[in-house]
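Peer 1: pasted the sequence and its predicted model underneath.
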Amino acid sequence: SAYWLFSILIERKPEFIAKLKEKGIMASQVHQRNDLHSCFSEFKSDLPNLDLLTEKLVCIPVGWWLHQRDLERIAVLVLSFHGKR
């Protein structure tokens, strides 16, 4: 398990990442298709659903270095971006 990040699916990923960065919170994709690496490129396949997933996949921090107030702040930002708060 990766106890330092939490993966979520989000619409408008670049805008979301920029919004969190503006608030001092690092967010990124972290994971990408293996066949994008040169050592696996010969195995590249048409996987449209994986591409759709990748377009929305973002990892937000939830690591040991964050305090409860930090986690709550991140949660509020995620919810507000989705218009839920």
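Peer 2: It's in.
Peer 1: quick one: neighbours of the closest residue to residue 9 other than its chain neighbours, just the number.
Peer 2: Taking C-beta to C-beta, 6 or more residues apart in numbering as the measure, residue 9 lies nearest to residue 56, with 4.2 Å between them; neighbours along the chain are not counted. Placement of C-beta: from N, CA and C, glycine included. Residue 56 has 14 neighbouring residues, counting by other C-beta atoms under 10 Å.
Peer 1: so what's residue 56 up against?
Peer 2: Listed by C-beta atoms under 8 Å, 6 or more residues apart in numbering, the contact set of residue 56 reads 9, 10, 11, 13.
Peer 1: restricted to helices, list those residues.
Peer 2: Within the contacts of residue 56, residues falling in helices by DSSP state H are residue 13.
Peer 1: possible to save the contacts of residue 56 as CSV with distance to residue 39, pLDDT and neighbour count?
Peer 2: As requested, the contacts of residue 56 are arranged in CSV below (distance: C-beta to C-beta, whole Å; pLDDT from 0 to 100; neighbours: other C-beta atoms under 10 Å):
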residue, distance to residue 39, pLDDT, neighbour count
9, 28, 93, 11
10, 29, 94, 17
11, 32, 91, 10
13, 26, 94, 17
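Peer 1: give me the most central residue, this protein.
Peer 2: Against the mean C-alpha coordinate of the chain, by C-alpha atoms, centre = their mean, the closest residue is residue 58 at 1.1 Å.
Peer 1: pretty sure that one belongs to a helix, no?
Peer 2: No: with the criterion set as DSSP: H, G, I helix; E, B strand; the rest coil, the secondary structure at residue 58 is strand rather than a helix.
Peer 1: that one contacts residue 31, doesn't it?
Peer 2: No: counting by C-beta atoms under 8 Å, residue 58 stays clear of residue 31, with 10.0 Å between them.
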